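Enquirer: need coordinates for the below:
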Amino acid sequence: MSCQRNKKENPTIIKRIENVEKNVEQKLASYCFFKLDDKYSIEEDNLIINTWLKEKSQVLLKNDSIPNIFSQNGGGPNGAQWNPSTDLYIAILTHYKESTEIPKLYINEKLYKKQVYPFSSHLIWYEVKQSFWEQEVKEIDSSDIQKMYPSEFLNGISAGEFNPVADLKYGKILKFEISYKKEKLTKFFHATYGE
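Expert: Next comes the predicted model:
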């Protein structure tokens, strides 16, 4: 996360946090990727996209802690994705012995039912077209900020230890909520635009 320090050296990069409501050991994970891992991809060839999805799926099933938009900061202010312009792919991985139902995906609190691609009984993909998400991004409000950033980061700002590069409400977001059985994850896609 880009920020300017007043009193100390630059802080270590603070990863985005996830808000997990659970009564059992976490068995649900979610990931977000740009189409073909390229935030400007205009590729429409289904064979190329499906090959990429298959390769990405195999990596996720072997190593579920791979870098993705939900876990890494982008190059924009306060870790936002800078000028993204392609489809998003949301992968949901369940670690239950029996996965008989499809995890539900909500975007800005609305159930998203489009473009579901089951890869296995434990991994499904949602395709979120650019034409859809560009219409759905919303302004950031104070309640979003509390969920988007780690408490250490927000406390550091309150204590005057450092200042963010831009107002924390700068940019627009999609709020993703993934629910499966008794688990719920909340993740954010944060985008900013400029030259």
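
Enquirer: mind pulling up the pLDDT for the spatially most central residue of the chain?
Expert: The centre of the chain sits closest to Phe70, judged by Cα atoms, centre = their mean, with a distance of 3.1 Å. Per-residue pLDDT puts Phe70 at 94.

Enquirer: can you start the count at 59 instead of 1 from here on
Expert: Sounds good: first residue 59 from here, last item Phe128.

Enquirer: I figured it hits Tyr89, correct?
Expert: Yes - counting by Cβ atoms under 8 Å, Tyr89 is a contact partner of Phe128 at 6.1 Å. Just so you know, the C-beta spots here come from the backbone N, C-alpha and C atoms, and that holds for glycine as well.

Enquirer: just for this structure, where's the confidence low?
Expert: 59-84, 122, 157 (pLDDT under 70).

Enquirer: switch to 50 and redo it
Expert: For the chain, residues meeting the criterion pLDDT under 50 lie at 59-82.

Enquirer: any chance you could map the strands in the protein?
Expert: Taking DSSP state E as the test, the strands found in the chain are 61-63, 77-79, 86-92, 139-140, 146-152, 162-165, 168-170, 174-176, 181-186, 196-197, 220-222, 230-238, 241-250.

Enquirer: mind listing what's buried in stretch 154-171?
Expert: By 16 or more other Cβ atoms under 10 Å, the buried positions in stretch 154-171 come out as Ser157, Pro161, Leu163, Ile165, Tyr170.
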